[in-house]
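1. Have a look; sequence and predicted model below, questions after that.
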Amino acid sequence: MWLADTSIKRPVFATMFIMALVILGLVSYPEIGVDLFPRIEFPIINITTTLKGASPEIMDIDVTDKIEESINTINGVKTITSTSAEGVSRVVVEFVLERDIDLAVQDVREKVSLIRSKLPTDILEPIIQKVDPDANPVFYITLTGKKSIRDLSTYADEVLKDQLQRINGVGALRFIGLQLRQVRIWLDADKLRAFQVAPSDVMTALIRENIEIPGGRIEAATKEYSVKVKGEFPTVQQFNELIVSWYRGAPVRISDIGRADDGMEERRTIVRFNGIPAVAIGIQKQSGTNTVEVIDRVKNEIEKIRRTLPPGMVIHAAFDQSTFINRSIKEVQNHLIIGGILAVVAVFLFLRNVRTTLISAVALPISVIATFTLIRAFDFTFNNMTMLALSLSVGILIDDAIIVIENIYRHIEDGMAPREAASFATSEIGLAVMATTLAIVAIFLPVAFMKGIIGRFFMSFALTVVFAVMVSLLVSFTLTPMLSAFFLKMQGNNNPPPLSLRGRFSASMTRAGDRLESYYKLTEKWYRELLVYGLRDRKSVLAGALIIFVLSMYMTKFMGKEFVPPEDQGNFLIRLEAPIDYSVEQTDNLFHRAEEIVRSTPEIVRVM
């Protein structure tokens, strides 16, 4: 084992080599993002086509069928699912996982563009987009206050929108409850009939007259001027004076058949925050960016915005996904630390020596910190999968060092010099240590190459475990024999036995050590008897193991299956379904009553 011999002869080399791995891990740590799950691209594409007023049958025959026929010829299509409703056609295309989803989107766009002339001419352009987990807002803010919805909407659209969009990592904003200023034309049916004017005549006049168009340019000797025909009406009164038709030689204006009001957009969404009318803004992060970092930047910007808000307006954080992510990752980190401490304590209870315990325990932090290098190099994040891998590895990372140092210490107890024992014992046990570690690698590495979405989720988990145990193997062949050669002492008449704590702890601790020694010998006695039975009655042991295996496999049929484990994020959603003919206001009354029930619960912090 040349690596162990080199480390013993060149301790500075071994120390610097391991320290280089540690430094790389420490440098990589701040650059690793924090997220709930690994970044996964689902191989699914949605095609949405809208044709106002068309029946489901027309949408199915004239739109959905033709789109399905065109995209069915694309390479890698797994399934096609479609839904045709009134005025809307939705086609969901699932590709095989190996297909590059970005190239698949381009292929779908090309196929749809080829049949565009065969689709109804008055449809809206089909919307083609891939299913992106990052498309859902990760942060919601609400703008409330002693202002009208119109004032809140205007400020959100003209001021807040620009301030939030320029934040690094913010992909899009989703406005809910927004009601912007809008000039509305109200027509009187009786007056329309009296003047023989159709509503379409009013629409045609508005399109023709309320317009701003380019008028060319004027060229001079040294300058050039662009010309615009400004035909948009600056005031509501000019809308009322617009001539829409002629009746018996006299102009018919909008004021003759109705009126123009300086109003707001039609109310289709309503938002309240803790019972107060509000405008909600959903923050959608850019695809692939880190959730926690983006939300932290948004929070910092909101603190600056609050100082410049007009009097009477207040910004609240209604939903924050980073809170649960940070809490989850912090809990796993705490469990990782506690697990490492308990692993070291367990090692001490069985090795019964402080120095050997500390030397073997060094493998734990070094392996974990060095693993950060791989996490950063593969662009993983601290998420449920990678943190689960590190937590699982804690008990494994120390195994190699324990095997090596226990064999070294056994030879020292037999009278061999520490340097000689470190070299000989490591070479003696080296193949067994490598077999142990490579067996773990052989178990977890194939998980990284699993098929399907599950395989994509577990790739970061498997690679994290593999890299961590490989580092622990390296530590056990370099740092562990080197430290054993220099810090372990020969057992002779002048040296206390390994469990003796004289000169370090009180007499009470020594008595505790004696009791621990008796428990250890009792456990050793039980294990020896169990081992003798297992070697003597091999058929019974094999039969028992087979029965347990069969029963375990049988019990799996009673276990539930789900994609991700249930999580309590401290939020819940209430959905109400009203009769189809209910107006927005009537539906709002239902939610009003639901809000009162929810807000009467003492534990509720906020309701949107």
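-> Looks like it arrived, so ask away.
2. tell me the mean pLDDT over stretch 471-481?
-> Stretch 471-481 comes out with an average pLDDT of 88.
3. whoops, stretch 161-180 was the one
-> Across stretch 161-180, the average pLDDT comes to 90.
4. before we move on, what about stretch 319-338?
-> Stretch 319-338 comes out at a mean pLDDT of 86.
5. Render the CA-only coordinates of that stretch in PDB, please.
-> Provided in PDB are the C-alpha atoms of stretch 319-338 (Å, rounded to 0.1, in the frame of the first residue of the first chain):
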ATOM      1  CA  PHE A 319     -46.400  33.800   0.700                       C
ATOM      2  CA  ASP A 320     -42.700  33.000   1.000                       C
ATOM      3  CA  GLN A 321     -41.400  29.600  -0.200                       C
ATOM      4  CA  SER A 322     -37.900  30.200   1.100                       C
ATOM      5  CA  THR A 323     -39.100  30.000   4.700                       C
ATOM      6  CA  PHE A 324     -39.900  26.300   4.500                       C
ATOM      7  CA  ILE A 325     -36.800  25.600   2.400                       C
ATOM      8  CA  ASN A 326     -34.500  27.300   4.900                       C
ATOM      9  CA  ARG A 327     -36.200  25.600   7.800                       C
ATOM     10  CA  SER A 328     -36.000  22.200   6.200                       C
ATOM     11  CA  ILE A 329     -32.400  22.500   5.200                       C
ATOM     12  CA  LYS A 330     -31.500  23.900   8.600                       C
ATOM     13  CA  GLU A 331     -33.200  20.900  10.300                       C
ATOM     14  CA  VAL A 332     -31.300  18.500   8.200                       C
ATOM     15  CA  GLN A 333     -28.000  20.300   8.900                       C
ATOM     16  CA  ASN A 334     -28.700  20.000  12.600                       C
ATOM     17  CA  HIS A 335     -29.400  16.300  12.300                       C
ATOM     18  CA  LEU A 336     -26.200  15.900  10.300                       C
ATOM     19  CA  ILE A 337     -24.200  17.500  13.100                       C
ATOM     20  CA  ILE A 338     -26.000  15.500  15.800                       C
END
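6. Now do the buried residues in that stretch.
-> By neighbour count on 16 or more other CB atoms under 10 Å, the buried set for stretch 319-338 is 319-322, 325-326, 328-329, 332, 336. C-beta: built from backbone N, CA, C; applies to glycine.
7. Reformat these as JSON lines; add secondary structure.
-> Listed next are these as JSON lines, based on DSSP: H, G, I helix; E, B strand; the rest coil:
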{"residue": "F319", "secondary structure": "strand"}
{"residue": "D320", "secondary structure": "strand"}
{"residue": "Q321", "secondary structure": "helix"}
{"residue": "S322", "secondary structure": "helix"}
{"residue": "I325", "secondary structure": "helix"}
{"residue": "N326", "secondary structure": "helix"}
{"residue": "S328", "secondary structure": "helix"}
{"residue": "I329", "secondary structure": "helix"}
{"residue": "V332", "secondary structure": "helix"}
{"residue": "L336", "secondary structure": "helix"}
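8. Just the closest of the residues you listed to A432, please.
-> Using CB to CB, L336 comes nearest to A432 of the buried residues of stretch 319-338, at 27.7 Å.
9. Now the nearest residue to the closest one once chain neighbours are set aside. Its backbone dihedrals?
-> Nearest residue to L336 in three dimensions, chain neighbours excluded: S391, at 5.2 Å (CB to CB, 6 or more residues apart in numbering). Backbone geometry at S391, expressed as degrees, to the nearest 10, gives phi -60, psi -40.
10. Pull the number of nearby residues for V433.
-> Residues lying near V433 (other CB atoms under 10 Å) number 23.
11. Please renumber the chain so that the first residue is 358 from this point on.
-> Sure thing, new numbering starts at 358, so read that last one as V790.
12. what element comes up after the helix or strand that it is a member of heading to the C-terminus?
-> Element membership of V790 [criterion: DSSP states H and E] is helix 775-801. Counting by DSSP H and E, the next helix or strand C-terminal to helix 775-801 is helix 809-844.
13. The stretch 808-957 of the chain: helices as residue ranges?
-> Chain-ordered helices for the stretch 808-957 of the chain, with DSSP state H, counting those that start in this stretch as the definition, fall at 809-844, 864-893, 895-912, 941-956.
14. Would you agree the residue nearest to L693 is in contact with I694?
-> No - counting by CB atoms under 8 Å, I694 is not a contact partner of S748; they are 10.1 Å apart.
15. K518 versus S510, what's the distance?
-> Distance of S510 to K518, given as CB to CB, to the nearest Å: 11 Å.
16. Same question for L393.
-> Look at L393 and K518: by CB to CB, they are 27 Å apart.
17. Contacts only, for the nearest residue to F948 once chain neighbours are set aside.
-> Using CB to CB, 6+ apart and skipping the chain neighbours, the partner closest in space to F948 is L933 (6.3 Å). Residues in contact with L933 (CB atoms under 8 Å, 6 or more residues apart in numbering) are 944, 947-948, 951.
18. try 7 Å this time
-> For L933, the contact set (CB atoms under 7 Å, 6 or more residues apart in numbering) comprises 947-948, 951.
19. what about S510 and K518, which has more around it?
-> Here S510 and K518 are compared on neighbour count by other CB under 10 Å; more neighbours surround S510, at 21 against 15.
20. part of a helix, is the more buried one?
-> Yes - with three-state DSSP as the criterion, S510 is part of a helix.
21. Is it in contact with Q536, as I believe?
-> Yes - if you go by CB atoms under 7 Å, S510 and Q536 touch, sitting 4.9 Å apart.
22. Spatially, which residue comes closest to F844, not counting chain neighbours?
-> R712 (5.7 Å).
23. Tally up the residues packed near the closest residue to T944 other than its chain neighbours, please.
-> Distances taken as CB to CB, 6+ apart put A935 closest to T944, at 4.8 Å, once the chain neighbours are dropped. By other CB under 10 Å, the residues close to A935 number 14.
24. what are the phi and psi angles of A935?
-> phi -100, psi 170.
25. circling back: over to the residue nearest to F844. Which of the three states is it?
-> Strictly by three-state DSSP, R712 counts as helix.
26. the domain parsing of the protein - what is it?
-> Using automatic domain parsing, the domain ranges for the chain come out as 359-388+710-855, 401-488, 492-537+625-681, 539-621.
27. closest one to F929 among those domains?
-> domain 492-537+625-681 (11.7 Å).
28. residues contacting T421?
-> 439, 441, 446, 448.
29. Shouldn't it be within a helix?
-> Yes - residue state for T421 (three-state DSSP) corresponds to a helix.
30. Check it and give its pLDDT.
-> Value for T421, per-residue pLDDT: 92.
31. got it, and the one 3 residues further on?
-> Looking at I424, its pLDDT is 92.
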